[in-house]
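Visitor: Quick one: sequence and predicted model below, then my questions.
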Amino acid sequence: MNEIAEAPYQAVQRLLTGHFHETSGYRAVRRRGVDDWLLVHTTGGRGRFGHAGGELIVEPGDWVLLRPGAPHDYGVETSLERWELVWAHFQPRADWLGWLAWPSVAEGLMHLRIEGEAAEKLGRQFLGVHELLNSGERRREALAFNALEALLLDCDALQARDEQALDGRIRRALDYIEGRLAEKLLIEDIALAVGLSASRLAHLFREETGETVQGHIEARRMQVAADLLRRTSFPVKQVAASAGFESQFYFSQRFKRWMGVSPLQFRQQTPES
């Protein structure tokens, strides 16, 4: 992948979707992956996903899920020169993670093959997520996010595999974090609360969720901050405190890294959802 330029990407606060019709030459490469999850459904033509062991060729009925941090190398499959896909970058709720343990092709790259009537139904659902998010509905993001949740539940129900439930200790860690986002969160305290050492928690958390503990905490804090900026008139200092940042300056730095704009610019540019 070294000769291919990095594909541009800007992190999203919760959900971003697209419906692409691509031809020969389309390719996206992100060697370090991104900070959210990526779901891709092929609706026409053929695509390819490169990985360390080779490549995965996808056709209509194929669904691919990439964990945070998983290297990206995907594009149009060269012999057909056409690929139609619906995609979504998203930050899942903590209780979704148990549904995202799809069959693995390579590290961070997962795949489902769904055929028949179920394939058509799920394809329409995913396109509906995209259409809702880009509609004129006043609560379009919330509606689209709920539609994505229903889609992922249906995908989970169709999997012909033994259930691989999220490790109970990681579930408790996620719940602990979720209830204390506005507080100072140390990995040592989280580990103590769930009966693990800090090093074991760090390893198991990444193995189960695809994220680091700190990465998950910051992603959730940014979601909280983005929601407050869009839906309240709280001053930035109050938003920062509500999202667990003692320093307004540091919060603004981290927010700009995630969103590409300052908190005030984000508030000014974001339409009512």
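Guide: Sure thing, it's come through.
Visitor: count of neighbours near Val29?
Guide: Counted by other C-beta atoms under 10 Å, the residues lying close to Val29 total 17. C-beta coordinates here come from the backbone N, C-alpha and C atoms, glycine included.
Visitor: Pull the contacting residues for Leu181.
Guide: For Leu181, the contact set (C-beta atoms under 8 Å, 6 or more residues apart in numbering) comprises 217, 220-221, 224, 243-244.
Visitor: how does it look with 10 Å?
Guide: Leu181 makes contact with 217, 220-221, 223-225, 242-244, according to C-beta atoms under 10 Å, 6 or more residues apart in numbering.
Visitor: Using the three-state scheme, assign it.
Guide: Of the three states, Leu181 takes coil under DSSP: H, G, I helix; E, B strand; the rest coil.
Visitor: From Gln214, how far out is it?
Guide: The gap separating Leu181 from Gln214 is 13 Å, by C-beta to C-beta, to the nearest Å.
Visitor: tell me the two of the contacts of Leu181 that are most distant?
Guide: Pairwise distances across those (C-beta to C-beta) peak at 14.4 Å, for the pair Ile217 and Ser242.
Visitor: Below-threshold pLDDT in the stretch 101-250 of the chain: ranges please.
Guide: Within the stretch 101-250 of the chain, the segments meeting pLDDT under 70 span 160-165.
Visitor: Tell me if I am right that Leu112 is in a strand.
Guide: Yes - according to three-state DSSP, Leu112 belongs to a strand.
Visitor: what ranges do the helices span in the stretch 1-150 of the chain?
Guide: For the stretch 1-150 of the chain, the helices defined by DSSP state H, counting those that start in this stretch occupy 116-133, 140-158.
Visitor: now the contacts of Leu181 in CSV, with neighbour count, distance to Asp189 and secondary structure?
Guide: Below are the contacts of Leu181 laid out as CSV (neighbours: other C-beta atoms under 10 Å; distance: C-beta to C-beta, whole Å; DSSP: H, G, I helix; E, B strand; the rest coil):
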residue, neighbour count, distance to Asp189, secondary structure
Ile217, 19, 12, helix
Arg220, 19, 16, helix
Arg221, 23, 16, helix
Gln223, 18, 22, helix
Val224, 17, 19, helix
Ala225, 27, 22, helix
Ser242, 17, 20, helix
Ala243, 24, 18, coil
Gly244, 19, 13, coil
